[in-house]
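Chemist: fold the stuff below for me.
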Amino acid sequence: MKVLTFSGQSPAEALKKVKQQFGDEVMVIETKQVRKRTLNQPALYELIIGVEDEVLARRHKQPVESVVRDMTPKEAVEKSEEVVLSISKAAQQFSDINAMANSHEQMIAPQTQKGSAQHGGSSFDGFTAEHSERFPSYKVEDFKDVKKQIDQLTDKVKLIQNMFWEEKSPELPIPPEFAEIYKVSKESGMNAEHLDAIMRLTLEHMPNNMRENSVTVKRYFQTLLRKMIPVRLESTLKPNEKRVMMLVGPTGVGKTTSVAKLAARYSYLLERKYKVGLVVLDTYRIGAVEQLTQYARMMKLGIEIVVDPPEFTQAINALSYCDYILIDTMGSSPYDQEKIEKLHACLDQNETAYRVDTTLVMPSHLKYEDMKMTYDKFAHLNIDTVMFTKLDETKGFGTIFSLLNEINVPVSYLSVGQEVPEDLIVANTDYLVKCLLDGFTKANHG
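Modeler: All right, here's what the predicted structure looks like:
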């Protein structure tokens, strides 16, 4: 046995070099850090392995590393597709074997003895003469073992394909086992710095026995994603407690519809039926006032309209009999500071005993940079929570993860459609992680 040393900026990078050269035909002897990371230079790790002489001789004739290095991404993808095609053909041939294996398991039951006698004493009721010619006397365990190996090989080929996806390769070396999850997250719109940070944590802390396939990698990655999202859960009001909630945000994000959904939720859908009142600050859009007035009439809710900031306190006091007071505001471009300042003036002139809880409403389809800019423009209103709308109109959920991780403000509610009040859900991390990794469906929150 020969002892060889491979180095890299992380144990994962060193291990990747080993696998490129020798695959899995090595024994890892020791992993050690020979240089710590500093401001001027990266960390350095050494991986000491043992390689059998016959493996070394075989690999020396056709080194894997040179093959991978000389192959262009396009050629690599074409090569992997050829392998997948071969596997598909083999899988088709073994589908009959798998079916027969299942049939054989069923024949173990006592009632199969009769069927066996009818077929000349054979213990394989589903095994015809045709099958006998195509497949000699193999054990069922052999069939299952072959099928298991095919499944493992298919998974490895899928990982190889994802290593050469068309996006620009990241600075952080991504092992093949992580390529698929990296690609999905990158295409979801997640900020590159945030994604690379998650990958570093994954590579440093994920146990080696969990790196066997993409399924275990995805499960571990889901755990880290959940930690990126601060969530404020819905709570029950205490006796005599009142809550005043103001929804702010850009034009056209669905604030008025969201106010109606919240009003219906608090009034009818919860175990405790609360008294709800509405306040409208959006006098710029007559249609919005009429829409919310119609909702108030249908749900038999009190409603007040505020034109100027001094009227804000009067409107809140007029609804002091309510448990929840929901405030709809005029939509404002993040660059229209005049409108935003008018909202700030209302909050400043609040002379009631109630604190106003401010929720920033944003559509989920915005790019990360636009989300961050929007938050920054509204931030001086002292944003307490974020509410995302139009989840049914986007595939890029990674921007939500990046924004919440960056601003460290919890998400409270999610709007998943236009129906009032059905398409409003309390935010939870599991649902958002499913949306990012598997795509949006309304059934996800059920």
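Chemist: any low-confidence regions in this protein?
Modeler: 1, 39, 59-177, 212-213, 282-288, 443-446 (pLDDT under 70).
Chemist: please enumerate the strands of it.
Modeler: The residue ranges that make up the strands of the chain, judged by DSSP state E, are 2-8, 27-35, 44-51, 243-248, 276-280, 302-305, 324-328, 356-363, 385-389, 411-415, 424-426.
Chemist: can you list those in a markdown table and add mean neighbour count and distance to M228?
Modeler: Quick note: C-beta positions are derived from backbone N, CA and C, even for glycine. A markdown table is the format used below for these (neighbours: other CB atoms under 10 Å; distance: least, CB to CB, whole Å):
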| stretch | mean neighbour count | distance to M228 |
| --- | --- | --- |
| strand 2-8 | 14 | 27 |
| strand 27-35 | 12 | 27 |
| strand 44-51 | 18 | 27 |
| strand 243-248 | 22 | 24 |
| strand 276-280 | 25 | 33 |
| strand 302-305 | 18 | 38 |
| strand 324-328 | 26 | 29 |
| strand 356-363 | 22 | 17 |
| strand 385-389 | 24 | 13 |
| strand 411-415 | 22 | 11 |
| strand 424-426 | 18 | 18 |
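Chemist: with respect to Q349, which of those strands lies nearest?
Modeler: If you check each of those against Q349 by CB to CB, strand 356-363 wins as the nearest, at 11.1 Å.
Chemist: ok, residues contacting that closest one?
Modeler: Strand 356-363 has contacts (CB atoms under 8 Å, 6 or more residues apart in numbering) with 243-250, 252-255, 258, 327, 347, 350, 371, 374-375, 378, 381-390, 393-394, 409, 412-413.
Chemist: how about a cut-off of 7 Å?
Modeler: Residues outside strand 356-363 that contact it (CB atoms under 7 Å, 6 or more residues apart in numbering): 243-249, 253-255, 258, 347, 350, 371, 374-375, 378, 381-390, 412.
Chemist: cool, and stretch 186-195?
Modeler: Against stretch 186-195 from outside (CB under 7 Å, 6+ apart): E167, S185, K367, Y368, G396, F397, G398, T399, F401, S402, N405, L436.
Chemist: which of these sit farthest apart?
Modeler: E167 and N405 (21.0 Å).
Chemist: neighbour count: these two, which is higher?
Modeler: More crowded of E167 and N405, by other CB atoms under 10 Å: N405, with 18 against 9.
Chemist: quick check: closest non-adjacent residue to that one.
Modeler: Residue nearest to N405 in three dimensions, not counting chain neighbours: M228, with 4.4 Å by CB to CB, 6 or more residues apart in numbering.
Chemist: including distance to G189, could the strands of the chain go into TSV?
Modeler: Shown next, in TSV, are the strands of the chain (distance: least, CB to CB, whole Å):
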stretch	distance to G189
strand 2-8	30
strand 27-35	35
strand 44-51	32
strand 243-248	23
strand 276-280	34
strand 302-305	38
strand 324-328	29
strand 356-363	13
strand 385-389	13
strand 411-415	16
strand 424-426	21
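Chemist: which residues touch M245?
Modeler: Under the criterion of CB under 7 Å, 6+ apart, the contact list for M245 reads Y324, L326, I327, D357, T359.
Chemist: show me the beta-bridge partners of it.
Modeler: Beta-bridge pairing of M245, defined through DSSP bridges, involves L326, D357.
Chemist: now it: how far from L432?
Modeler: M245 sits 21 Å away from L432, going by CB to CB, to the nearest Å.
Chemist: do the same with V409
Modeler: Computed with CB to CB, the distance linking V409 and L432 is 15 Å.
Chemist: of those two, who's got more company?
Modeler: When neighbours are counted by other CB under 10 Å, L432 comes out ahead of the other of V409 and L432, with 26 against 18.
Chemist: pretty sure that one contacts I229?
Modeler: Yes - counting by CB atoms under 7 Å, L432 touches I229, with 6.0 Å between them.
Chemist: look up how far L278 lies from L247.
Modeler: Here L247 is placed at a distance of 11 Å from L278 (CB to CB).
Chemist: shared neighbours, these two?
Modeler: With contacts defined as CB under 7 Å, 6+ apart, the residues shared by L247 and L278 are V259, D328.
Chemist: ok, I29 - contacts?
Modeler: When contacts are counted by CB under 7 Å, 6+ apart, I29 touches V3, I48, I49, G50.
Chemist: quick one: which of those residues is nearest to V215?
Modeler: I49 (26.5 Å).
Chemist: okay, that closest one and S10: tell me how far apart.
Modeler: Here the distance between I49 and S10 works out to 16 Å (CB to CB).
Chemist: still on that earlier bit, quick one: the residue nearest to N405 from N317, how far?
Modeler: For M228 relative to N317 (CB to CB), the value is 41 Å.
Chemist: of those two, who's got more company?
Modeler: When M228 and N317 are compared for neighbours, M228 comes out ahead with 20 against 13, by other CB under 10 Å.
Chemist: quick revisit: any of the contacts of stretch 186-195 buried? List them.
Modeler: Buried members of the contacts of stretch 186-195, scored by 16 or more other CB atoms under 10 Å, are S185, Y368, G396, F397, G398, T399, F401, S402, N405, L436.
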